[in-house]
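1. Task: produce atomic coordinates for the following.
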Amino acid sequence: MMEQISEEQLRQRLASFVEETIKERHLEMSDSQRRALVTAIQNEVMGLGPLESLLADPTISDILVNGPFTVFVERKGKLELTDVKFTDEEHLIRIIDKIVSRIGRRVDESSPMVDARLPDGSRVNAIIPPLALDGAALSIRRFPAVPLSVHDLVDYGSMTPEMSMLIAAMVKSRLNIL
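-> Numbering: from 1, shown residues only. Predicted coordinates:
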């Protein structure tokens, strides 16, 4: 019978295995390098690889992956290029497959595009070759626990104070807004 272990126990076992392997092979690395390696391997095996650090950041609303070496995030309405990278195209496609297979979907040459909703409500769109001519792409749109207010939109520069007053007046007057 298979032993049931928690995710945390599995993370610990994986960390121990990596630490033992480093010692057995007499690999020279600093404590910070060793911790980074352990975390990277845990994220790759148990999570979504290089995306884990982005998914753990509550300030990120969008993750946009345009090929294995170009990953943008949106924070407070502003797009930022990150230093997150995948090893290669195959690595990115493996992570995309991991995302969609967890929710019972698939992405392959016969079905190269998928739109899905993750258990946390996030929306995912993934596209791979042959439909994606420039290589695989992935977008994850996350929704904040607390919805943005009009004040937030003004603070982020998404609208001017005058626009917010106009929209408020239109809503109050029950006008249709396109």
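2. Can you pull the poorly scored residue ranges out of this structure?
-> By pLDDT under 70, the weakly predicted segments of the chain are 1-2.
3. So if we follow the domain assignment, how does it break up?
-> Following automatic domain parsing, one finds the domains of the chain at 1-46, 50-145, 148-178.
4. what about the helices in the chain?
-> When secondary structure is read from DSSP state H, the chain shows helices at 7-24, 31-46, 52-55, 89-101, 150-155, 161-172.
5. coming back round to it: winner for burial among the domains of the chain?
-> domain 50-145 (a mean of 15; mean count of other Cβ atoms under 10 Å). In short, each C-beta sits where N, CA and C put it, glycine included.
6. first vs last residue of that domain, how far apart are they?
-> One end of domain 50-145 to the other measures 23 Å (Cα to Cα, to the nearest Å).
7. that older thread, could you provide the helices of the chain in a markdown table, with additional columns for distance to S122?
-> Compiled in a markdown table, the helices of the chain are given as follows (distance: least, Cβ to Cβ, whole Å):
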| stretch | distance to S122 |
| --- | --- |
| helix 7-24 | 19 |
| helix 31-46 | 18 |
| helix 52-55 | 9 |
| helix 89-101 | 10 |
| helix 150-155 | 19 |
| helix 161-172 | 27 |
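8. Between those helices, which one is closest to A132.
-> helix 89-101 (9.9 Å; Cβ to Cβ).
9. Identify all contacting residues around the closest one.
-> Helix 89-101 has contacts (Cβ atoms under 8 Å, 6 or more residues apart in numbering) with 48-51, 65, 67-68, 86, 106-107, 114, 116, 118, 124, 126, 128, 135-136, 138.
10. Partner strands of the top strand by length along the chain and their direction?
-> The longest strand of the chain (DSSP state E) is strand 60-66. Partners of strand 60-66 in the sheet, by DSSP bridges, are strand 71-75 (antiparallel), strand 137-141 (antiparallel).
11. quick one, the first one and helix 89-101 angle?
-> For strand 71-75 against helix 89-101, the angle between stretch directions is 50 degrees (axes from the mean of the first three to the mean of the last three Cα atoms, to 10 degrees).
12. How about the last one?
-> Taking the same axes, to 10 degrees, one finds strand 137-141 and helix 89-101 inclined to each other by 40 degrees.
13. With just CA atoms, put strand 137-141 into PDB.
-> C-alpha atoms of strand 137-141 as PDB (Å, rounded to 0.1, in the frame of the first residue of the first chain):
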ATOM      1  CA  ALA A 137       3.000  31.400 -25.200                       C
ATOM      2  CA  LEU A 138       1.100  31.400 -21.900                       C
ATOM      3  CA  SER A 139      -0.900  34.000 -20.100                       C
ATOM      4  CA  ILE A 140      -2.300  33.700 -16.600                       C
ATOM      5  CA  ARG A 141      -4.800  36.400 -15.400                       C
END
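14. Many thanks, have a good one.
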